[in-house]
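# Give me coordinates for this.
(one chain, ligands or ions: 1)
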Amino acid sequence: MRIDVVSIFPSYFDGLTLSLLGKARDSGILDLDVHDLRDWTSDRHRTVDDTPYGGGAGMVMKPEPWGLALDQLADSQSGSLSSSKGGPTIIFPSPAGEVFTQATARELATREHLIFGCGRYEGIDERVFEYAADLGEVRLISLGDYVLNGGEVAVMAMVEAIGRLIPGVVGNPESLVEESHEDGLLEYPSYTKPSVWRDREVPPILLSGNHGAIAGWRHEQQLERTRVRRPDLLSD
Ligand code: SAM
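Just a heads-up that it's a prediction; the model follows:
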């Protein structure tokens, strides 16, 4: 999979060279590039924002650098355009977008080329989203019902959630199947050695060696935990 990220703070993404995603990049499973939006400006100050038409607080990201960035990045993969619309999938993080879930991550992990555009200030000139829709599939995606200063942290979370679903990124694919949200339930509790720690014992059934009983106990724990912590998941 190819992922391009456009941001005015590319160094936010230095952390993506670490851990599993770093290894996936090194091995070529994930072709991840982070770009500075200011590289597509032409004025001396490398300006990316301006005052809003109609007045109001804050600044808005100018459309011109975004247009040039998208032209270049959408074109760079013209041999393998893979979204439902036949172009890259272009994702703009936004508190006003659809909420990102594990199902979204699963869907996006099947794409060949994702472009993430990180907003700042009051956001990006609305015409950029319309223009991007001519180049591929556009998704406005929210991390949750709160407002961040910029899209970078949201994109980090999305890239990590999507990236770990790409075959070969996580060593043991079984560990993905059993996780929270994969089957609509939260994951069961996990324990490791020692079996007694500070007077707290591991549930004896986990030491029984009875795999059927362990599977049943874990499923009950999933149901109970979901009922207590996230009853909304059970009512869906
Ligand atoms: N004025 C915008 C609004 O009220 O919808 C908020 C702009 S926010 C300060 C700047 C940028 O942060 C947004 O363009 C978006 O890229 C990002 N952002 C903020 N909250 C987010 C969230 N919950 N999920 C995803 N991205 C978010």
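# For this structure, what lies in contact range of the ligand?
93-96, 118-120, 122-123, 142-144, 146-151, 154 (CB under 6 Å from any ligand atom). In this view, the C-beta of every residue, glycine as well, is placed from N, C-alpha and C.
# Please pick the buried ones from these.
Buried subset of the residues of the chain next to the ligand (neighbour count, 16 or more other CB atoms under 10 Å): 93-95, 118-120, 123, 142-143, 150-151, 154.
# Columns pLDDT and secondary structure on top of those residues, output as TSV?
As requested, these are exported to TSV (pLDDT from 0 to 100; DSSP: H, G, I helix; E, B strand; the rest coil):
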residue	pLDDT	secondary structure
93	98	strand
94	98	strand
95	98	strand
118	98	coil
119	98	coil
120	98	coil
123	98	coil
142	98	strand
143	98	coil
150	98	coil
151	98	coil
154	98	helix
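# Nearest to residue 51, out of those: which one, please.
residue 123 (13.5 Å; CB to CB).
# What residue in the chain comes nearest to the ligand?
Relative to the ligand, the nearest point of the chain is residue 119 (2.3 Å; CB to the nearest ligand atom).
# leaving aside the residues next to it on the chain, what's closest to that residue?
residue 151 (4.8 Å; CB to CB, 6 or more residues apart in numbering).
# who are the neighbours in contact with that neighbour?
For residue 151, the contact set (CB atoms under 8 Å, 6 or more residues apart in numbering) comprises 7, 92-94, 116-120.
# Going along the chain, name the helices of the chain.
Using DSSP state H, the helices of the chain run over 19-27, 63-75, 102-108, 127-132, 152-163, 174-177, 211-229, 231-235.
# do you know which of those lies nearest residue 45?
Nearest of the helices of the chain (CB to CB): helix 63-75, 12.2 Å.
# Run through who's touching that closest one.
With CB under 8 Å, 6+ apart as the test, helix 63-75 has contacts from 4, 6, 35, 37-41, 48, 87-88, 90, 115, 117, 124-125, 127-128, 131-132, 135-136.
# Give me the subset of the residues you listed lying in strands.
4, 6, 35, 90, 115, 117 (DSSP state E).
# List the contacts of the third one.
Meaning residue 35. Neighbours of residue 35 in contact, by CB under 8 Å, 6+ apart: 4-7, 10, 69, 73.
# go again using 6 Å as the cut-off
residue 6 (CB atoms under 6 Å, 6 or more residues apart in numbering).
# For the ones in strands among the contacts of helix 63-75, could you give me JSON lines that also reports pLDDT?
What follows is the ones in strands among the contacts of helix 63-75, written out as JSON lines (pLDDT from 0 to 100):
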{"residue": "4", "pLDDT": "98"}
{"residue": "6", "pLDDT": "98"}
{"residue": "35", "pLDDT": "98"}
{"residue": "90", "pLDDT": "98"}
{"residue": "115", "pLDDT": "98"}
{"residue": "117", "pLDDT": "98"}
